[in-house]
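Asker: take this sequence and fold it.
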Amino acid sequence: MVDSVKEIQTTCCYCGAGCQLLFTVDQKANQILDVHPVNGRTNAGKACLKGWYGWDYLNDPQILTKRLREPMIRKDGKKSPLKIVTWDEAINFVADNFKKIKEKWGPNSFLAAASARGPGNEAGYITQKFARAVIGTNNIDHCARICHAASVVGSMQTIGEGAMSLSIPEIEDCEIIFNIGYNAPVSHPIVARRIVRAKEKGAYIICADPRITETARIADKHLQLKGGTNVALVNAMAHVIISEDLLDHEFVKAHTKGFDEFWAIVKEDTPERSAEICGLTADDIRLAARKYASSKHSVITWGMGITQFSQGVETVKCCCSLAMLTGNFGHYACGTGPVRGQNNVQGTCDMGDLPNVYPGYQSVTDPAAQAKFEKAWGVKLDNKVGIQLTRIPEFVIHEKNPANRIHAYYITGEDPAQSDPDLEELRESLDEIDFVVCQDIFWNKTCLHADAILPSTSWGEHDGVYTSSDRGFQRIRKVLEPIGNILPDWEITCRIARAMGYPMPHYRNTEEIWNEVIDLSPKFTGATYEKLEKYVSIQWPCWDKGWTDKGTMFLHKDGYFATPDGIGILKTSPYHPPAEVESKDYPITLCTVREVGHYSVRTMTGNCRTLRNLEDEPGWVEISPEDARELGLKHEELVRISSKRGSVITRASITERVKKGAVYMTYQWWVGACNELTISILDPSSKTPEYKYCACKIEKLPDQKAAWAAVNKTLLDIRMNMHIDITRQGVSA
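Answerer: Modelled structure (predicted):
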């Protein structure tokens with residue numbers, strides 16, 4: 001191998017499985033020559049489509065949109081064009097506007113959104129430190145709010161810890177897998193391998209899902225329940241376990257509390273009653289409960305199919321309670337598995353990019369934690385829980401008192417104008433906010449509303465640490481030298497902080513930031529860079545910097561939970577239907593789902609040539625053959641799908657995977673953007689939107705030629721909006 005060619009191991013930038021990849025790089029040419037998976041703790045030498053082909057966006061092929069290469073600002077207000085400026089001018093422009101807004105409206109007029117994708121834990125730490133120490137607010141959040149916040153809240157209220165209690169490799173040794181609202185082959189293909197291995201070893205798989213998913217196809221029992229009825233199902237399972245005396249009495253007595261209150265709720269949820277709600281049979285519910293309770297190596301895996309509901313927290317609480325009732329906590333190959341979606345959504349939670357906790361899940365309302373961080377950061381901190389990013393419309397267009405509004409929004413590595421619900425309302429909110437900053441790697445829809453755009457390095461262009469879904473800290477490493485006038489996210493934020501007068505340290509590298517993180521976070525203290533180099537992956541909690549502490553494979557050992565007194569709390573709530581149900585005008589339910597070949601808002605995978613070729617605009621809506629016949633639809637025909645909030649055109653995918661009366665769409669398409677339709681109703685505890693259920697209607701478009709012309713025009717208009725901003729840079733589009 002010639003001197004300029006190096007092999008660099010790093011962690012994949014996509015899902016939370018945390019796969020290890022080895023890049024062969026010609027450093028002189030600054031070019032990737034090869035990539036293949038290596039033997040990581042979770043992936044064991046395997047990779048999925050995105051692992052093999054998802055790095056191509058680093059080459060900036062400009063298929064979907066362009067990399068941001070220069071800082072830009074609107075010098076004369078929101079309607080003025082973006083202009084390229086120096087970093088000093090951009091930083092001072094942002095800092096001056098933040099200071100003016102803080103002085104006029106106070107610290108809580110500011111909201112920061114951290115990134116759970118490329119930047120890494122160190123950048124996430126700096127983002128929340130900036131919000132708290134520089135601005136003076138706990139209004140800091142990230143995209144966990146729109147996916148697994150219900151997992152965090154529900155788990156914290158019952159078992160005291162919001163992460164997976166077991167490790168991904170343990171899944172293949174479980175004897176019973178209860179999979180609810182989660183389709184690993186699409187969301188986490190490497191986790192799906194563990195489920196398949198478990199089945200090969202004799203595991204019994206129960207899949208609760210309204211669609212016939214890939215997981216449902218290999219399940220021993222598929223509970224094809226009606227969407228939005230998760231609480232009714234799990235409450236009924238708890239009813240069976242208690243009424244048939246299938247619970248672990250010793251575990252429940254020694255390690256839990258709240259049994260009487262729990263039973264008072266679920267005793268009404270008989271299998272017969274819940275079967276009618278769920279569209280199942282009482283016998284199937286009994287079978288699922290009995291099977292789950294039959295083993296001490298049972299696991300419940302779940303995804304956004306239970307969290308993105310107005311009863312998401314309640315479903316999570318009952319899932320945790322099912323595990324406690326049966327003694328399925330505290331030993332190998334059992335427990336709860338909220339498998340986090342994006343590559344670093346677990347890590348961004350770990351870093352305290354949430355309105356209620358500092359790094360390491362230390363409460364902002366705890367005087368001791370507050371005092372510790374005040375001493376470390378040299379400021380007085382706010383002890384009130386901040387607001388969540390899903391409440392932006394509430395605190396902008398629906399708030400009549402300007403003193404209570406959000407006036408500044410600092411967005412790092414997110415695209416709320418594509419990913420948030422009720423996009424028309426969200427766009428209106430962005431335009432009403434006094435000052436919006438987008439810090440990102442690609443042009444996206446949110447950039448069109450920004451007053452300042454700060455271009456950052458992407459995964460593959462900087463170092464850092466990610467946390468996998470099962471709490472595993474792993475290194476990410478620079479593979480290529482960044483091209484253009486771009487900076488790492490943490491450095492940009494530090495520069496803004498110093499320009500605002502805060503003495504943010506001049507960190508020389510991410511390790512210095514990481515050392516600050518672990519020194520302030522007892523659960524993370526032992527996960528030093530040095531140990532990560534040797535062990536590759538360290539699962540928190542890791543309390544000791546000594547070499548003997550290699551982290552924690554599973555949580556709640558011997559039934560000791562992370563609650564203040566170590567006792568788990570049995571909790572659930574009565575079932576209630578989703579906020580918006582079917583009606584005469586909107587007779588069909590819409591649910592958002594994921595697609596294996598694309599990721600998040602598609603700015604990364606949409607700029608990878610192989611992945612882009614898998615699917616293209618305007619996306620799909622999955623519809624049952626019965627509904628298609630009633631509407632006179634043919635497969636792949638364009639249709640209009642509408643809700644009370646808007647309408648989009650997409651292609652009909654006629655499939656027996658779905659039941660009559662329900663349709664499913666993915667959210668990454670610009671034209672077929674299903675979040676034009678979704679409702680902004682929030683779970684009252686987690687403030688997570690109810691993406692998985694709203695009412696819609698589908699219309700056949702008789703003139704397909706005209707429909708395709710409308711699709712192409714819409715796509716052209718979107719691209720031209722970005723083209724205008726790009727040409728204002730003086731760069732050809």
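Asker: contact partners of the helix or strand of the chain with the lowest mean pLDDT?
Answerer: In the chain, the helix or strand scored least confidently by mean pLDDT, DSSP states H and E is helix 704-728, which has a mean of 80. The contact list for helix 704-728, computed with C-beta atoms under 8 Å, 6 or more residues apart in numbering, reads 65-66, 72, 81-83, 443, 445, 447-448, 617-618, 637-638, 649, 670-671, 701, 732-733. Every C-beta, even on glycine, is put in place using the N, C-alpha and C of the backbone.
Asker: the stretch 301-450 of the chain: strands as residue ranges?
Answerer: 335-338, 357-358, 362-363, 408-412, 435-440 (DSSP state E, counting those that start in this stretch).
Asker: what helices or strands is the first one leaning on?
Answerer: Contact partners of strand 335-338 among helices and strands, from 3 or more C-beta pairs under 8 Å, 6 or more residues apart in numbering; DSSP states H and E: helix 149-158, strand 298-302, helix 312-325.
Asker: quick one: that strand to chain centroid distance?
Answerer: Offset of strand 335-338 from its chain centre (C-alpha atoms, centre = their mean, to the nearest Å): 16 Å.
Asker: so which bits of that strand are buried?
Answerer: Using 16 or more other C-beta atoms under 10 Å as the test for burial, strand 335-338 gives 335-338.
Asker: any stretches of this structure with poor pLDDT?
Answerer: Applying pLDDT under 70 to the chain picks out residues 1-2, 723-733.
Asker: mind running it again at 80?
Answerer: 1-2, 596-597, 599-600, 721-733 (pLDDT under 80).
Asker: quickly list the domain ranges of it.
Answerer: For the chain, automatic domain parsing gives the domain ranges 5-59, 72-147+343-475+483-521, 150-339+564-569, 588-703.
Asker: so which of the ones you listed gets nearest E533?
Answerer: domain 72-147+343-475+483-521 (7.2 Å; C-beta to C-beta).
Asker: where along the stretch 451-600 of the chain do the helices fall?
Answerer: Secondary structure of the stretch 451-600 of the chain (DSSP state H, counting those that start in this stretch): helices at 489-499, 510-520, 529-535.
Asker: what lies in contact with the last one?
Answerer: The reference is to helix 529-535. 465, 473-475, 511, 514-515, 538, 545, 547, 550-551.
Asker: likewise for the first one?
Answerer: By C-beta under 8 Å, 6+ apart, the list of residues contacting helix 489-499 from outside reads 87, 91-92, 94-96, 98, 115, 119, 122-123, 125-127, 130, 133-134, 412-413, 439, 454, 456-457, 487, 504-507, 510, 513.
Asker: just the buried subset of the residues you listed, please.
Answerer: Buried subset of the contacts of helix 489-499 (neighbour count, 16+ other C-beta under 10 Å): 87, 91-92, 94-95, 98, 115, 119, 122-123, 125-127, 130, 133-134, 412-413, 439, 454, 456-457, 487, 504, 507, 510, 513.
Asker: show me the contacts for I441.
Answerer: I441 neighbours (C-beta under 8 Å, 6+ apart): 67-68, 118, 413, 455-458, 603.
Asker: hang on, the earlier thing: quick one: which of the contacts of helix 529-535 is most hemmed in?
Answerer: Among the contacts of helix 529-535, F473 has the most neighbours (other C-beta atoms under 10 Å), with 31 neighbours.
Asker: okay but that one is in contact with F524, surely?
Answerer: Yes - with contacts counted by C-beta atoms under 8 Å, F473 reaches F524, the gap being 7.5 Å.
Asker: name the residues contacting each of the two.
Answerer: Between them, F473 and F524 share these contacting residues under C-beta under 8 Å, 6+ apart: 540, 542.
Asker: hang on, D283 in a helix?
Answerer: Yes - assessed with DSSP: H, G, I helix; E, B strand; the rest coil, D283 lies in a helix.
Asker: now it: how far from N235?
Answerer: Computed as C-beta to C-beta, to the nearest Å, the D283 to N235 distance reads 17 Å.
Asker: likewise V648?
Answerer: Counting by C-beta to C-beta - V648 and N235 are separated by 35 Å.
Asker: cool, and I195?
Answerer: From I195 over to N235 the distance is 25 Å, taken as C-beta to C-beta.
Asker: quick one: which of V648 and N235 has more around it?
Answerer: For V648 versus N235, the count of surrounding residues by other C-beta under 10 Å is larger for N235: 28 against 25.
Asker: how much space is there between the more buried one and D269?
Answerer: Distance from N235 to D269, counting by C-beta to C-beta: 4 Å.
Asker: cool, A695 as well?
Answerer: Noted for A695: a distance of 25 Å to D269, by C-beta to C-beta.
Asker: the two: who's more crowded?
Answerer: Per other C-beta under 10 Å, whichever of A695 and D269 has more neighbours is D269, with 25 against 21.
Asker: surely that one is in contact with I242?
Answerer: No - contact between D269 and I242 fails when scored by C-beta under 8 Å: they sit 10.6 Å apart.
Asker: from the contacts of helix 704-728, which ones fall inside strands?
Answerer: 72, 83, 638, 649 (DSSP state E).
Asker: how about those residues in TSV, adding neighbour count and distance to F435?
Answerer: What follows is the ones in strands among the contacts of helix 704-728, written out as TSV (neighbours: other C-beta atoms under 10 Å; distance: C-beta to C-beta, whole Å):
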residue	neighbour count	distance to F435
M72	24	14
K83	17	16
L638	21	39
I649	21	34
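Asker: thanks a lot, catch you later.
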